[in-house]
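S.K.: pasting the structure only:
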């Protein structure tokens, strides 16, 4: 279903206004819904907005590096709580864990040592990066506080290469880019691409920035991509392709490792993904910047709706524009719930479990929906159970996710109670569990 004309008009105005006031040669936005690029808009003509033009994506590269790490975890080749020293022996900061590196909770300093700002300087190899490490690179005790670290992702890239024996970009291409048909996401720019600029604050002239090869720091921010390609990545983050990453693993990546603003709790960091609270919604994604470029992706996973944005001017407020655009779509065009359809009768052993149950004077209704036993209390997320054996069920959602429901029977074999992790539910409203 296409976006409504009034929605696209508002997106067009947002992009034009922000490009004019923020002063970027080119701004482009893409809206992703239901697995595809739904709408694209933009402003500026250096170059004109086009879904196939490359921009540098900066730290959005980290989300793909993190996905590679999680794939190796799922294959049993590493554990998230492995110390870095297990994979890079002798590293002076080897006590930090892979989980802490992924979630910016390792305490490592933000940038690697470099002759200049590493993003504007030709990079070194992995051996040089590792040789520059000292114990003083720990700016904070691990997990004491959130501290964003590009260096952490350079080290994660080194771990990937050490375990697999393959260069990071080859691993990325084989395991993510090719399977998702992201064929215009590359290590170096390929025409057509947008030159990157810094805009002079006084007279509005532009200075073109260098397009560096960041070497061992590439896993932190090297990649180039397009609106069309990153739309595929946003669609993947909304609903992963199991052959690339298990859905439960992506869900794990969206759980906070650290809260980035402990006073308001409006942002945090999971395993490679940034988390943003906007009102009652939680979005996942990442921002990116490299000299001359800014980028953003953000996804509302429940509605499978996301945004992709680029601008080729360093310092342009693209994140502000991207979130405003995504919220416009979510507010104006909420995803309708799936239609109700008649169900199928429950099997005989389930019939006697359905109906009202009580715990501590609180009513819970058990129903049979889509092959699952669902126990719900008004105003709370339901618990969904799947059969695991005779009179034994496993919860797959809500506060009891992972817990076991055991059916208790009386001497005559009739159902007497439901025991969920020692919480006993009965038919008697006056009986306390």
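M.R.: Received, thanks. On a predicted model such as this, the values are computed, not experimentally measured, just so you know. Residues are numbered from 1 along each chain as shown.
S.K.: what mean pLDDT would you report for the host helix or strand of residue 86?
M.R.: Using DSSP states H and E, residue 86 sits within helix 84-87. pLDDT averaged over helix 84-87 equals 97, rounded to a whole number.
S.K.: For it, name the packing helices and strands.
M.R.: Taking 3 or more Cβ pairs under 8 Å, 6 or more residues apart in numbering; DSSP states H and E as contact, the helices and strands that helix 84-87 lies on are helix 98-102, helix 150-164. To be clear about C-beta, it is placed using only N, CA and C from the backbone, and glycine gets the same treatment.
S.K.: Out of those, which gets nearest to residue 181?
M.R.: helix 150-164 (22.2 Å; Cβ to Cβ).
S.K.: list the helices and strands the helix or strand just after the closest one packs on?
M.R.: Using DSSP H and E, the helix or strand that follows helix 150-164 in sequence is helix 168-172. With contacts defined as 3+ Cβ pairs under 8 Å, 6+ apart, the secondary structure elements packing on helix 168-172 are helix 61-74, helix 150-164, helix 218-221.
S.K.: what comes into contact with the lengthiest helix in the chain?
M.R.: With secondary structure taken from DSSP state H, the chain has its longest helix at helix 5-22. By Cβ atoms under 8 Å, 6 or more residues apart in numbering, the list of residues contacting helix 5-22 from outside reads 3, 27-29, 31, 39, 41-44, 311, 313, 316-317, 320-321, 324-325, 328-329, 332-333.
S.K.: If we go by neighbour counts, what in that helix is buried?
M.R.: For helix 5-22, the buried set under the neighbour-count rule, 16 or more other Cβ atoms under 10 Å, comprises 7, 8, 10, 11, 14, 15, 18, 19, 22.
S.K.: any chance of those residues in CSV, with pLDDT and distance to residue 184 too?
M.R.: Formatted as CSV, the entries for those read as follows, by pLDDT from 0 to 100; distance: Cβ to Cβ, whole Å:
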residue, pLDDT, distance to residue 184
7, 97, 27
8, 97, 24
10, 98, 28
11, 98, 23
14, 97, 25
15, 98, 21
18, 97, 25
19, 97, 23
22, 96, 26
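S.K.: Tell me which stretches of the stretch 301-433 of the chain form helices.
M.R.: With DSSP state H, counting those that start in this stretch as the criterion, the stretch 301-433 of the chain has helices at 318-332, 348-351.
S.K.: what does the stretch 101-250 of the chain give?
M.R.: If DSSP H, counting those that start in this stretch is used as the criterion, the helices of the stretch 101-250 of the chain fall at 126-131, 150-164, 168-172, 218-221, 227-238, 247-253.
S.K.: how many other residues sit next to the nearest residue to residue 150 once chain neighbours are set aside?
M.R.: Across the structure, with Cβ to Cβ, 6 or more residues apart in numbering as the measure, the residue nearest residue 150 apart from its sequence neighbours is residue 220 (4.5 Å). By the criterion of other Cβ atoms under 10 Å, residue 220 has 26 neighbours.
S.K.: Chain neighbours aside, what residue packs nearest to residue 143?
M.R.: In space, not counting the residues next to it along the chain, residue 143 is nearest to residue 105; the distance is 4.8 Å by Cβ to Cβ, 6+ apart.
S.K.: same thing with residue 236?
M.R.: Setting aside the residues directly before and after it, residue 236 is nearest to residue 180 in space (Cβ to Cβ, 6+ apart), at 6.0 Å.
S.K.: wait, doesn't the one you found sit right on residue 232?
M.R.: Yes. Taking contacts as Cβ atoms under 8 Å, residue 180 lies within contact range of residue 232: 5.2 Å.
S.K.: where are the low-confidence patches of the stretch 1-150 of the chain?
M.R.: In the predicted model of the stretch 1-150 of the chain, residues 1 satisfy pLDDT under 70.
S.K.: out of the buried residues of helix 5-22, who's nearest residue 397?
M.R.: residue 7 (31.8 Å).
S.K.: Name the residues that touch stretch 372-380?
M.R.: Under the contact criterion Cβ under 8 Å, 6+ apart, stretch 372-380 has outside partners 350, 353, 357, 362-368, 382-387, 393, 396, 398-399, 405, 418, 420, 425.
S.K.: whoops, I mixed them up, stretch 332-351
M.R.: Around stretch 332-351, the neighbours that count as contacts under Cβ under 8 Å, 6+ apart are 3-4, 6-7, 10, 302-305, 354, 368-370, 373.
S.K.: First-to-last residue distance for that stretch?
M.R.: This stretch, stretch 332-351, spans 42 Å end to end (Cα to Cα, to the nearest Å).
S.K.: Tell me the gap between that stretch and the middle of its chain.
M.R.: Distance of stretch 332-351 from the chain centroid (Cα atoms, centre = their mean, to the nearest Å) equals 29 Å.
S.K.: ok, now stretch 31-45?
M.R.: On Cα atoms, centre = their mean, the centre of stretch 31-45 falls 19 Å from the chain's centre.
S.K.: Could you list the buried residues of that stretch?
M.R.: By neighbour count, with 16+ other Cβ under 10 Å as the criterion, the buried positions of stretch 31-45 are 31, 32, 33, 37, 38, 39, 40, 41, 42, 43, 44.
S.K.: which of those residues lies closest to residue 88?
M.R.: The shortest gap between residue 88 and any of the buried residues of stretch 31-45 belongs to residue 32, at 36.4 Å (Cβ to Cβ).
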